[in-house]
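> take a look and give me a structure for this.
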Amino acid sequence: MPETTMNALTTPAAPASIATTSMTIVDHDRASISRDLNAVTKDAARVDLEIDPFLAKDKRGLDEVNLDSRTRNESSIGKDDHDEPFETLPGQVDGGLYAWLSVFVTFATYFSAFGLHYAYGLFQDWYQRYDFPDASPSSLALVGALQPASMFLCGVIVGDLSERVPFRTVVFAGTIVIGIAITLASFATQVWHLCLTQGVLFGVGCSLVYYPVTSLPSQWWVKNRSLATGIGMAGSGAGPLVYSLVISELLPRLGSKVTLRVMGAGTVVILLVATALIRTRFPVRRRSTNNADSSIWTPLRDQRLQLILASRLCISIGYLLPFVFLPSYVVAVVGAPPSFAALLLTLINALSFAGRIITGWLADRAGNVNMYALSILLTGLGTLALWLPAGTTHGMLIAYASVFGLTAGAYIALLPSVLAQLFGAHRLPSMLGSVAVANAVGNLAGPPIAGALVTAGKGAVWSPALEYGGAIVFSGVVMAFGALIMVYLRFAMLDGRVWAKH
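Residues are numbered from 1 along each chain as shown. Okay, the predicted model is just below:
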């Protein structure tokens, strides 16, 4: 009896113990699951930051572009205020339809807009001989100078506008402006008409298409960003070759006015196709007008950008000098026919086309800042080592043209990748606009300074080549110094390790 009673009394105790143990296990499992979820969330954030590393450097970018990749794919990729929803749009970078479309859009835009821009020399020669024979060469040259000056000087405004207005809208506006500019230029009866239309207005139109389109590949490419950008920007090498051939055939047959209308119409058609294919990956940035940080001058407070501006100013001063003075050097010093000068310039342009792709491929592996600084340094040193002692040696001049063409392409092709790496692809348009001011000042200041040095060197006793010695040294030194500023930025502000990828 006592034993039975004891068993009856103690039997219920077992389930209570089991329940307590079970609850403890459940609580432990919940805590474990919670820790696992936190770990997964952190891993997801880490993976996204590896895909878009610039987001970690800008809190505003983190707020605007959701770190959750699925949300970002569904809500922001390929959409802006004027885009229709793309439910089937893939969110992958470094490949896919929309990534390659960004490269095609960039190539087509550079091919058409800059093809027409760089072909102005053919129109200038025709104007001088037939349409405006009484005009001074300098006044007609001013038309060509106003095109890049207008494009670069509008950079700060257009770059900021491109972050707050959909890319497609800005590029479409630029396309219309280019069409109007070329059409009005075809009715010009005085040189100042050309200055306003084919000069200033055309430059403004190029500015509106340049900054958004140049920024586009950086939105869709990360691992192969520099290569994709280089392929797209290679259109500025192919475009002038094709446009020059077509315009040289049309001018004798149709005259300048009809040729302008035909080439303008073709350019507009290509740009309209490119505009229709634009797909953006980041949403439009919305900034309050009452916020002091929303000023277009805010990026200039960044010391890294200040160093890039100083570097860009130096490089821009020296970059154009071979294009301007190499032809006259060949004729005056070497005694070669103008056809040899044309051969050297063709060699530079052809190798620059290849150089933009090659340096882009190398930059994706060695680092954008590293490759940019190295390429420009080689350009400056090549000017001093090959052009300066060349004298009348054809082989040395061909070697210099080859080195300059291969390395100087980084001046154009790698800048977007450098800025995207340092400041984020979502801020690239405004950064390009800020840097464009330095480009404008350098491009305008370089040739007159070098021209003064050539004038000062005339009558050199030892060798006629010394007449150009001052300009050659000036070009090589300022470009090398600009590269050294980037070297300082690389080691002092990014990473002091020699072999680090930056």
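
> tell me the confidence at Ser34?
At Ser34, the pLDDT value in this model is 50.

> verify the stated contact: His193 with Ala181.
No. Contact criterion Cβ atoms under 8 Å: His193 and Ala181 do not qualify, at 11.2 Å. All C-beta atoms are positioned from the backbone trio N, CA, C, and that covers glycine.

> quick one: contacts for the residue nearest the centre of the chain?
By Cα atoms, centre = their mean, the chain has its centre lying nearest to Pro416, at 3.7 Å. With Cβ atoms under 8 Å, 6 or more residues apart in numbering as the criterion, the residues that contact Pro416 are Thr214, Ser215, Pro217, Ser218, Thr229, Met233, Leu428, Leu432.

> of all those, which two lie farthest apart?
Using Cβ to Cβ, the pair of the contacts of Pro416 lying farthest apart is Met233 and Leu428, separated by 13.5 Å.

> what average pLDDT does the helix or strand hosting Trp192 get?
Following DSSP states H and E, one finds Trp192 within helix 191-194. Across helix 191-194, pLDDT averages out at 94.

> any idea which helix or strand comes after that helix?
For helix 191-194, the succeeding helix or strand toward the C-terminus, using DSSP H and E, is helix 202-220.

> just the C-alpha atoms of that next one, please, in CSV.
Only the C-alpha atoms of helix 202-220 are listed here, as CSV (Å, rounded to 0.1, in the frame of the first residue of the first chain):
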residue,chain,number,x,y,z
PHE,A,202,26.2,72.3,-79.8
GLY,A,203,28.6,72.1,-76.8
VAL,A,204,25.7,72.5,-74.4
GLY,A,205,23.9,69.6,-76.1
CYS,A,206,27.0,67.4,-75.9
SER,A,207,27.2,68.2,-72.2
LEU,A,208,23.6,67.0,-71.6
VAL,A,209,24.3,63.7,-73.2
TYR,A,210,27.9,63.2,-72.0
TYR,A,211,27.5,63.2,-68.2
PRO,A,212,24.5,60.8,-67.8
VAL,A,213,25.8,58.4,-70.4
THR,A,214,29.3,58.3,-69.1
SER,A,215,28.0,57.4,-65.7
LEU,A,216,25.7,54.6,-67.0
PRO,A,217,28.1,51.6,-67.2
SER,A,218,29.2,52.2,-63.6
GLN,A,219,25.7,51.5,-62.5
TRP,A,220,25.6,48.0,-64.1
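
> list the buried residues for the helix or strand just after it?
Sequence order places helix 225-233 as the next helix or strand after helix 202-220, per DSSP H and E. For helix 225-233, burial by neighbour count (16 or more other Cβ atoms under 10 Å) applies to Arg225, Ser226, Leu227, Ala228, Thr229, Gly230, Ile231, Gly232, Met233.

> make JSON lines from the residues you listed and add pLDDT and distance to Phe423 to it.
Converted to JSON lines, the buried residues of helix 225-233 look like this (pLDDT from 0 to 100; distance: Cβ to Cβ, whole Å):
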{"residue": "Arg225", "pLDDT": "91", "distance to Phe423": "14"}
{"residue": "Ser226", "pLDDT": "90", "distance to Phe423": "16"}
{"residue": "Leu227", "pLDDT": "92", "distance to Phe423": "20"}
{"residue": "Ala228", "pLDDT": "92", "distance to Phe423": "18"}
{"residue": "Thr229", "pLDDT": "92", "distance to Phe423": "15"}
{"residue": "Gly230", "pLDDT": "92", "distance to Phe423": "19"}
{"residue": "Ile231", "pLDDT": "94", "distance to Phe423": "22"}
{"residue": "Gly232", "pLDDT": "94", "distance to Phe423": "20"}
{"residue": "Met233", "pLDDT": "91", "distance to Phe423": "19"}
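
> for those, which one is nearest Leu142?
For the buried residues of helix 225-233, the residue nearest Leu142 by Cβ to Cβ is Met233; the value is 26.9 Å.

> and that closest one, how far from Phe282?
For Met233, the distance to Phe282 equals 20 Å [Cβ to Cβ, to the nearest Å].

> and if you look at Leu432?
15 Å.

> and what of Ser434?
To Phe282, Ser434 is 19 Å away according to Cβ to Cβ.

> can you name the element that comes right after the least confident helix or strand in the chain by mean pLDDT?
When each helix and strand of the chain is scored by mean pLDDT, DSSP states H and E, helix 69-75 comes last, with a mean of 34. The helix or strand immediately downstream of helix 69-75 is helix 97-109, counting by DSSP H and E.

> for Ser328, give me its contacts.
Taking Cβ under 8 Å, 6+ apart as the test, what Ser328 contacts is Ala341.

> what pLDDT does the model give it?
Predicted confidence (pLDDT) at Ser328: the value is 82.

> please, which helix or strand holds it?
Per DSSP H and E, Ser328 falls inside helix 321-329.

> tell me the buried residues in that helix?
Neighbour-count burial for helix 321-329, counted by 16+ other Cβ under 10 Å, picks out Leu321, Pro322, Phe325, Leu326, Pro327, Tyr329.
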